[in-house]
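Student: Sequence plus the predicted model coming up.
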Amino acid sequence: MYGTIIVLAIIAVIALWAILAYNGLVTLKNQVENAWRQIDVQLKRRHDLIPNLVNTVKGAMEFERDTLNRVIEARSKAMGAGSIGEKGAAEGMLTQALGKLFALVENYPDLKSNRNILQLQEELTSTENRIGFARQFYNDLVAKFNIKQSVFPAVLIASALGFRKADYFQAEAAEKQVPKVDLGMK
């Protein structure tokens with residue numbers, strides 16, 4: 001009789017542990033997905049602001065068509081990127097192109113004093129900060145989710161229940177480099 005009760009108690013404890021582990025993994029997975037959606041919102045905001053900035057500076061920066069084209073091309077690639085890794089690479093290239101554009105704007109006194117450009121720069125800078133914070137939050141949740149799947153005893157059931165490690169949103173090599181700006185007139 002006592003043996004049966006002990007076996008049932010052990011089974012109940014294991015079942016309770018499995019339920020709690022599963023619920024914890026599902027919760028973290030959903031938090032990771034939500035954090036990615038928050039990054040996506042900020043990236044969309046960034047993508048929507050860029051055409052306004054390019055159109056505002058287009059006329060005044062006649063000598064810098066190459067820079068404007070790079071920004072437009074980088075934006076298109078970023079908008080078309082699919083996976084988190086692809087988005088990270090494309091957004092890194094866009095960040096670099098925008099950095100060069102901002103540096104060039106500093107060389108044009110008319111642009112530096114233009115309120116529309118200053119406002120757009122401020123909005124983009126604010127958006128970049130939001131993206132940075134959202135990315136940090138996302139990566140923190142990814143780390144927590146990936147660790148939860150890797151530690152004992154959750155490792156015993158995580159892969160069996162279909163959980164896979166999430167990808168980090170990483171800065172690509174191009175984003176880590178300081179943009180090179182040539183202010184010489186061509």
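Tutor: Nice, thanks for sending it over. It should be emphasised that the depicted structure is a prediction, and the values quoted were computed from it without experimental measurement.
Student: ok, residue 71 - contacts?
Tutor: By CB atoms under 8 Å, 6 or more residues apart in numbering, the contact list for residue 71 reads 50, 54, 94, 97, 98, 101. For the C-beta atoms, the positions are set from N, CA and C on the backbone; glycine is no exception.
Student: 6 Å instead, please
Tutor: 54, 97, 101 (CB atoms under 6 Å, 6 or more residues apart in numbering).
Student: Wait, residue 35 touches residue 141, no?
Tutor: Yes - if you go by CB atoms under 6 Å, residue 35 and residue 141 touch, sitting 5.0 Å apart.
Student: which stretches of this structure form helices?
Tutor: 2-58, 65-80, 84-105, 109-112, 115-150, 155-158, 173-176 (DSSP state H).
Student: any idea which of these is most buried?
Tutor: Ranked by mean neighbour count under mean count of other CB atoms under 10 Å, the helices of the chain are led by helix 84-105, which reaches a mean of 20.
Student: Report all helices and strands that it contacts.
Tutor: Helices and strands touching helix 84-105, by 3 or more CB pairs under 6 Å, 6 or more residues apart in numbering; DSSP states H and E, are helix 65-80, helix 173-176.
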